[in-house]
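Asker: test case, fold it:
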Amino acid sequence: MANPVIRGDSTVLWGASGVFSGTGVGFVTKGNKKLSGEKVEIKDANGFTVAVIYFDDKNNVSFEMFVKTAAPTLARGDGVTICGVAYALVDDVEELWDNNNARRLIVTATNYVSIEDPAP
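Answerer: Numbers count the residues shown, from 1 in each chain. Presented below is the predicted three-dimensional model:
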């Protein structure tokens, strides 16, 4: 397959290529990444916020892909690389079927900043 030709702003990212690291499992149609975590708001004597503490950052990621019949099964807790985020732990895998369409997976996972490598 030929690469797309980009004219104008050549810094744009095109397509979903590279969203999921895996070989021969299918192709990704879309994905997303969201930075979240915990926060505590510190109040003064009048109830106004005077400080905010952000901690326990995590990247919540998900993607949808068409899969081949030989695609490996993803289990909860598996460490994968999604949307450029390494060591994301699989939270859930949803399998979809449509009439006149191929089997698809929707995978969501979370990367915790304090878990550098989830391998046991």
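Asker: the helix-or-strand element of the chain with minimal mean pLDDT: what's the following helix or strand?
Answerer: Least confident helix or strand, the chain: strand 79-82 with a mean of 84, by mean pLDDT, DSSP states H and E. Using DSSP states H and E, the helix or strand that follows strand 79-82 in sequence is strand 85-96.
Asker: tell me which strands and helices the helix or strand just after that following strand is in contact with?
Answerer: Next along the chain after strand 85-96, taking DSSP H and E as the criterion, comes strand 104-112. Packing contacts for strand 104-112, counted by 3 or more CB pairs under 8 Å, 6 or more residues apart in numbering; DSSP states H and E, involve strand 49-67, strand 79-82, strand 85-96. C-betas here are computed from N, CA, C, even on glycine.
Asker: same thing but at 6 Å, please
Answerer: Contact partners of strand 104-112 among helices and strands, from 3 or more CB pairs under 6 Å, 6 or more residues apart in numbering; DSSP states H and E: strand 49-67, strand 85-96.
Asker: want to throw these into CSV with mean pLDDT?
Answerer: What follows is the helices and strands packed on strand 104-112, written out as CSV (pLDDT from 0 to 100):
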stretch, mean pLDDT
strand 49-67, 92
strand 85-96, 90
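Asker: as TSV, these with distance to G77 would be great.
Answerer: Compiled in TSV, the helices and strands packed on strand 104-112 are given as follows (distance: least, CB to CB, whole Å):
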stretch	distance to G77
strand 49-67	15
strand 85-96	6
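Asker: burial measure for N99, as a count.
Answerer: 4 (other CB atoms under 10 Å).
Asker: wait, N59
Answerer: Counted with other CB under 10 Å, residues neighbouring N59 total 21.
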